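[1] Kindly generate the corresponding structure for this input.
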Amino acid sequence: AAARHWWARVSAFAGVQGACCRPLIAEGPGCGGRVRGPRVLVRFARDELVALTVAQLKVKCKAAGLPVTGKKADLIASLAQAGEEDDGVELSSLSVAALKARCTAMSLPTSGKKADLIARLEAAEGEEDEDEGEEVEEDEDEEDEEDEDQKEDLETLSVAELKARCKAAGLLMTGRKGDLVARLQDDSSASGREAAAAPASTQAKRAAAKTAGAKRGADSAFEAGELVEAFFDDDSSWYEAKVLKNLGDAQYSIAWIEDNEEAEVGPGYIRKKIADVDPATPFQVGEAVRALYAEEETWYEGIIQRDNGDGTFTVMWDEDGEEYTIRPEDGMRKIAPRFEITTLHKGQKITGEVKSIQQYGAFIDIGAVTEGLLHRSHIKFVQRPPDAPLYDPGDRVEALFDEDEEWYPATVDKVNKDGTFTVIWDEDGDEPAKVRPKSMRLDGERWPFKAGQQMDLWVAKLMPDENKLSLSMYEGGDAPPEDMSAFM
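    Numbers count the residues shown, from 1 in each chain. From the prediction side, this is the model:
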């Protein structure tokens, strides 16, 4: 049962690369929480990487010359693999931008020429190697002292404090005081978890504060006797469970339906049963949702932790345990059972997510067993003003690269006053280039929406025998009015 404890999720993840990602913050007394790792160039320890935020991992990836795309598990895998395969990178082979990124990651000044940046990084790396050597010697001296003091330290703690430390280490909390002390000592000897017997670190206090912040909603989301779903670490899956007791601070005692074994779970590890969720009712705390993360324009799964009372909700992401505040209209949908299209009727208004765009229209996920087709004949295309520039920032284009007279895909970054456009080449990543309008062409249609966008639509036609439906951007689902301007 101890392996199911939500405080032990970090250790479960550390050995699995590319597995289902659940909240990676270690919660509870004595746990490390999210911390910034030691200053390194390309050598990374996986346990340090797991503790970082996605933004911090991207900074390290950029500094190491690695891709910055993908989810947290992908970033960790890239950095860990780089650390295993390469002890360092020739600084002289990096661009000025990459060198500056490394300086930023190491909290060093970014001013000066390339030679200055290289000298600064080499000096800093040399200091780190010396510091690491000194730290190893200090740690060895301190280990003996800690071993002698450990038993005495544990004996001075109360039963409640000992149980809290058992929770933090993923150990059983049953038994008397002597049993708890012995269990913590055995665990420390076997796995080197001295940190679990030390005073809570600053990061642990932040993690505890995060849990406390969730209690304004999640602490009353589930009732004793309610059937829910809880996350089981051993196989990274959700299973049906029964709530036994609300322990406070957004934590619950549960019993697995499968074997009636008991466990304790907290935020991100307990949710409403998917089969019982009604997509037509208002959002509730504890429901699993898919929400749009605006910064990356990407949808991620999470669990509602709070209804903030101002039209917004706080969601905890499944991937990294971070909280995010969002309005439903900005992109949030319940994870609920798929419904048959026979429950719909023509003209019904419904919210959907653009899943893919084709030449003839777009396919929309409305939560039904099949996606609906939004045909181009039912799309409201936006008329561009006569004085509008040929291209807008964000437009996908093909642009002519004069040096080899070849066309390459790019994204418009800026409209310049001289009539040119600044584009970012797909191949070069962050390398911008100025291109004249005659050397550019739009890559496909300029649709009034994009993949991943949430939008309100109307049912235009139902074909239940073929399990198909068509949707419309026009109210009521009727065909768009004919353009009679040529006859006026």
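[2] from here on, contacts and neighbour counts on C-alpha atoms
    Fine.
[3] tell me the domain ranges of this protein?
    The chain breaks down into these domains under automatic domain parsing: 1-16+216-337, 33-144, 157-200, 341-381+450-487, 396-442.
[4] so of the ones you listed, which one's packed in deepest?
    Across those, the average number of neighbours (mean count of other Cα atoms under 10 Å) peaks for domain 1-16+216-337, which reaches a mean of 19.
[5] Can you add distance to residue 389 and mean pLDDT and give the domains of the chain back as TSV?
    TSV is the format used below for these (distance: least, Cα to Cα, whole Å; pLDDT from 0 to 100):
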stretch	distance to residue 389	mean pLDDT
domain 1-16+216-337	24	85
domain 33-144	31	65
domain 157-200	58	65
domain 341-381+450-487	17	89
domain 396-442	8	88
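[6] Ignoring the adjacent residues along the chain, who's closest to residue 398?
    The spatially closest residue to residue 398, leaving aside those adjacent along the chain, is residue 409, at 4.4 Å (Cα to Cα, 6 or more residues apart in numbering).
[7] now do residue 297
    residue 452 (7.4 Å).
[8] again, but for residue 303
    The spatially closest residue to residue 303, leaving aside those adjacent along the chain, is residue 288, at 4.4 Å (Cα to Cα, 6+ apart).
[9] wait, what's in contact with the one you found?
    For residue 288, the contact set (Cα atoms under 8 Å, 6 or more residues apart in numbering) comprises 271, 272, 274, 301, 302, 303, 304, 334, 335.
[10] Let's see that with 10 Å instead.
    Contact analysis of residue 288 by Cα atoms under 10 Å, 6 or more residues apart in numbering lists 268, 270-274, 277, 301-305, 315-318, 333-336.
[11] would you turn the domains of the chain into TSV with distance to residue 387?
    Formatted as TSV, the entries for the domains of the chain read as follows, by distance: least, Cα to Cα, whole Å:
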stretch	distance to residue 387
domain 1-16+216-337	29
domain 33-144	36
domain 157-200	62
domain 341-381+450-487	18
domain 396-442	13
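[12] how about those domains, which one is nearest residue 388?
    Distances from residue 388 to each of the domains of the chain were compared using Cα to Cα; the minimum, 10.8 Å, belongs to domain 396-442.
[13] Direction included, what does the longest strand along the chain pair against?
    For the chain, the strand that runs over the most residues, judged by DSSP state E, is strand 237-248. For strand 237-248, sheet partners with direction are given as strand 227-232 (antiparallel), strand 251-256 (antiparallel), following DSSP bridges.
[14] Can I get these in CSV including distance to residue 157?
    Formatted as CSV, the entries for the strands paired with strand 237-248 read as follows, by distance: least, Cα to Cα, whole Å:
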stretch, distance to residue 157
strand 227-232, 30
strand 251-256, 23
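[15] Indicate which one of the ones you listed is closest to residue 476.
    The stretch from the strands paired with strand 237-248 with the least distance to residue 476 (Cα to Cα) is strand 227-232; that distance is 37.9 Å.
[16] Can I get the closest one as CSV, trimmed to CA atoms?
    Backbone C-alpha positions of strand 227-232 (Å, rounded to 0.1, in the frame of the first residue of the first chain) are rendered in CSV as follows:
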residue,chain,number,x,y,z
LEU,A,227,-16.9,6.3,-5.3
VAL,A,228,-14.0,8.0,-7.0
GLU,A,229,-10.9,7.3,-9.1
ALA,A,230,-7.4,7.3,-7.5
PHE,A,231,-4.0,7.0,-9.1
PHE,A,232,-1.9,3.9,-8.4
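[17] picking up where we left off before, can I get the longest strand of the chain in PDB, CA atoms only?
    Coordinates of each C-alpha in strand 237-248 appear next as PDB, following Å, rounded to 0.1, in the frame of the first residue of the first chain:
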ATOM      1  CA  SER A 237      -3.100   3.900 -13.800                       C
ATOM      2  CA  TRP A 238      -6.400   5.200 -12.300                       C
ATOM      3  CA  TYR A 239      -8.600   2.700 -10.400                       C
ATOM      4  CA  GLU A 240     -11.900   2.900  -8.700                       C
ATOM      5  CA  ALA A 241     -11.800   3.600  -5.000                       C
ATOM      6  CA  LYS A 242     -14.100   4.500  -2.100                       C
ATOM      7  CA  VAL A 243     -13.500   7.600   0.100                       C
ATOM      8  CA  LEU A 244     -13.300   6.500   3.700                       C
ATOM      9  CA  LYS A 245     -12.500   9.800   5.400                       C
ATOM     10  CA  ASN A 246     -11.600  13.400   4.700                       C
ATOM     11  CA  LEU A 247      -8.300  13.900   6.400                       C
ATOM     12  CA  GLY A 248      -8.200  17.700   5.900                       C
END
